[in-house]
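In: make a model of this:
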Amino acid sequence: MFRTISIAALLSIAVATTAMAQQVPKDLDDAITAASDWIGWKAEDTFYPKEDGKKALEDGKTCIDKIDEALAKGLAASTVFETHKGKMTITEAREMCVGVRDAGQKVFGDLTAAEEATYEPFRKVLTGDKLNLYNDRLKKFKLYGAGGKVLKTPEDYRDSLVWCTTGVDREGIVPVWSVDCWHFKGMTKVGSVESRSGSGDQAPSSAFR
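Out: All right, here's what the predicted structure looks like:
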């Protein structure tokens, strides 16, 4: 037998279905929440402004992408979203995410440009394997030449026939130093990296060779 369904009941079902369809997807919920954490963030408020700027940039972009995807699938722009920073519509959330993205981009971009500017004098005097190794791996490391002499200037980097890095592992019972050295003939790398290690807080000058 067929049951007769009233118009009121049909409308009730339609309203309920529409409400369910307008629920905010979890991935969108997470993206807006993550972006809202950066509201009011300033670079001077953190010990890691470049890293945080990049994260704000990424969270803002992800939020915008998720909102645009949800809107394309039919989510109403007037849908109200609850965040720990207060209620906002999807339209307001998108504006917030754009602001987060742009703030992160400015901080990350400015600091990246300033950092790259410090590398430029070295890149101007290096070529070949030295330039490649500097760019790919060693530009952020303190480098040492033969005998443990610290390489400071671009000319030091250019003229030294050996580049070494060093560190100390303090996780064990006694500290262990380690040294990695690359050798060059001019700007061309010779052989493979040579590694040495030993007990102590500091590598001896003889390890830098």
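In: and the helix ranked longest in the chain, how far out from the chain middle?
Out: Assignment by DSSP state H gives helix 90-125 as the longest helix of the chain. Per Cα atoms, centre = their mean, to the nearest Å, the displacement of helix 90-125 from the mean C-alpha position of its chain is 11 Å.
In: which other helices and strands does that helix contact?
Out: Under the contact definition 3 or more Cβ pairs under 8 Å, 6 or more residues apart in numbering; DSSP states H and E, helix 90-125 sits against helix 26-36, helix 49-72, strand 80-83, helix 154-159. Backbone N, C-alpha and C define where each C-beta goes, glycine included.
In: wait, which of these is closest to residue 114?
Out: helix 49-72 (9.3 Å; Cβ to Cβ).
In: mind listing what's buried in that closest one?
Out: For helix 49-72, the neighbour count (16 or more other Cβ atoms under 10 Å) marks 49-50, 52-64, 66-67, 70-71 as buried.
In: now residue 130, nearest residue through space, not along the chain?
Out: Leaving out its chain neighbours, the residue that sits closest to residue 130 by Cβ to Cβ, 6 or more residues apart in numbering is residue 187, at 4.7 Å.
In: where's that neighbour relative to residue 158, distance?
Out: 8 Å (Cβ to Cβ, to the nearest Å).
In: same question for residue 57.
Out: Applying Cβ to Cβ to residue 57 and residue 158 gives a distance of 35 Å.
In: gap between the longest strand along the chain and the chain center?
Out: In the chain, with assignment by DSSP state E, the single longest strand is strand 188-199. Centroid separation for strand 188-199 versus its chain: 30 Å, with Cα atoms, centre = their mean.
In: other SSEs contacting that strand?
Out: Partner elements for strand 188-199 (3+ Cβ pairs under 8 Å, 6+ apart): helix 128-133, strand 176-185.
In: where does this protein have low pLDDT?
Out: Residue ranges of the chain with pLDDT under 70: 1-23.
In: show me the domain layout of it.
Out: 7-120, 126-207 (automatic domain parsing).
In: okay but residue 37 is in contact with residue 55, surely?
Out: No: in this structure, residue 37 is not within contact of residue 55 by Cβ atoms under 8 Å, at 9.4 Å.
In: sorry, back to before: dump the helices and strands packed on helix 90-125 to JSON lines, plus distance to residue 100.
Out: As requested, the helices and strands packed on helix 90-125 are exported to JSON lines (distance: least, Cβ to Cβ, whole Å):
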{"stretch": "helix 26-36", "distance to residue 100": "5"}
{"stretch": "helix 49-72", "distance to residue 100": "4"}
{"stretch": "strand 80-83", "distance to residue 100": "12"}
{"stretch": "helix 154-159", "distance to residue 100": "38"}
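In: ok, which of these comes nearest residue 94?
Out: Among these, helix 49-72 sits nearest to residue 94 (Cβ to Cβ), with 4.8 Å.
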